[in-house]
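Colleague: Predicted structure and sequence below. I'll ask about it afterward.
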Amino acid sequence: MPWIQTVPPDQADAALRAVYESVYALYPPEYGPPVPALARPGGAADGVVAAHSLIPEAMRHMMSGLAVMMQPHLPLTRRQHEMIASVVSARNRCFY
């Protein structure tokens, strides 16, 4: 979880929940199920999207763009996406 205040989807008001849902709808289906290894002790797992929850319009634009870049018809596989994210996260010294 990021070191900033976040609003997870289950605690979001109607407007923020709509943004979460619109963003999640763009992601390929294989990104839907939670990955147990990434869950925090409290059960939270989606810190990357939730980090944008205080500015919902930023979330809508940033995360929608990311979701579109991960579509299965594009040349990179999910494994490659995860590998890139892992290298960037390690370089930035963050958990994601």
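Modeller: Perfect, thanks for sending it.
Colleague: Check which helices and strands the helix or strand harbouring Ser22 is in contact with.
Modeller: Using DSSP states H and E, Ser22 sits within helix 14-26. Under the contact criterion of 3 or more C-beta pairs under 8 Å, 6 or more residues apart in numbering; DSSP states H and E, helix 14-26 touches helix 47-50, helix 56-69. Backbone N, C-alpha and C define where each C-beta goes, glycine included.
Colleague: most packed of those helices?
Modeller: The highest mean neighbour count among the helices and strands packed on helix 14-26, using mean count of other C-beta atoms under 10 Å, belongs to helix 47-50: a mean of 20.
Colleague: picking up where we left off before, distance from the helix holding Ser22 to the middle of the chain?
Modeller: How far helix 14-26 lies from its chain's middle: 12 Å, per C-alpha atoms, centre = their mean, to the nearest Å.
Colleague: now do stretch 15-33
Modeller: 9 Å.
Colleague: For this structure, which element, helix or strand, carries the lowest mean pLDDT?
Modeller: helix 47-50 (a mean of 79; mean pLDDT, DSSP states H and E).
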